[in-house]
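A.B. asks: this is the structure alone, sequence omitted:
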């Protein structure tokens, strides 16, 4: 609901980066807040930020793969994080007796996603050497007629 409105103003990659960053900040605040209002505000902002991440990541992978039939693995593994991370959070919370410790799992996952997104942004930007126009080569071999 919010993502289509935002996509009119910023790029998909910009929204993806902003969403992952906002979710990371929201979960961080969720771990730090003690008041019920702060916890509700952090949880709501994290939820809103998490919404566009999966469809934007999926669209980005499909665009990079050019809709190749070899992208079946993306759909096969895309739900792995959604199944594994809540289970791991619950196990860690139960073992330590603290939900705050268990919420470190999604925080670390979002941190890894943010780092990977920043790396991919740096990889997408052209280097100074590749962005320069190529020199025109002369038709005659150098040194033969000089």
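C.D. replies: Now that the structure is in, tell me what you want to look at. Everything numeric here is computed off the predicted structure, so don't read it as measured data.

A.B. asks: all contacts plus neighbour counts: C-alpha atoms, from now on.
C.D. replies: Noted.

A.B. asks: and the helices in the protein?
C.D. replies: 3-7, 12-32, 36-50, 53-65, 72-77, 80-96, 99-102, 104-124, 128-131 (DSSP state H).

A.B. asks: dump those into CSV; add mean neighbour count and mean pLDDT as well.
C.D. replies: CSV is the format used below for these (neighbours: other C-alpha atoms under 10 Å; pLDDT from 0 to 100):
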stretch, mean neighbour count, mean pLDDT
helix 3-7, 13, 75
helix 12-32, 20, 92
helix 36-50, 17, 93
helix 53-65, 14, 84
helix 72-77, 10, 78
helix 80-96, 14, 91
helix 99-102, 17, 91
helix 104-124, 15, 90
helix 128-131, 8, 47
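
A.B. asks: tell me the phi and psi of residue 78?
C.D. replies: Here is the backbone geometry of residue 78 (degrees, to the nearest 10): phi -70, psi -30.

A.B. asks: tell me how far it lies from residue 9.
C.D. replies: From residue 78 across to residue 9, the span is 28 Å (C-alpha to C-alpha, to the nearest Å).

A.B. asks: the more surrounded of the two?
C.D. replies: Between residue 78 and residue 9, counted using other C-alpha atoms under 10 Å, residue 78 has the larger neighbour count: 13 against 10.

A.B. asks: distance of that one relative to residue 50?
C.D. replies: 15 Å.
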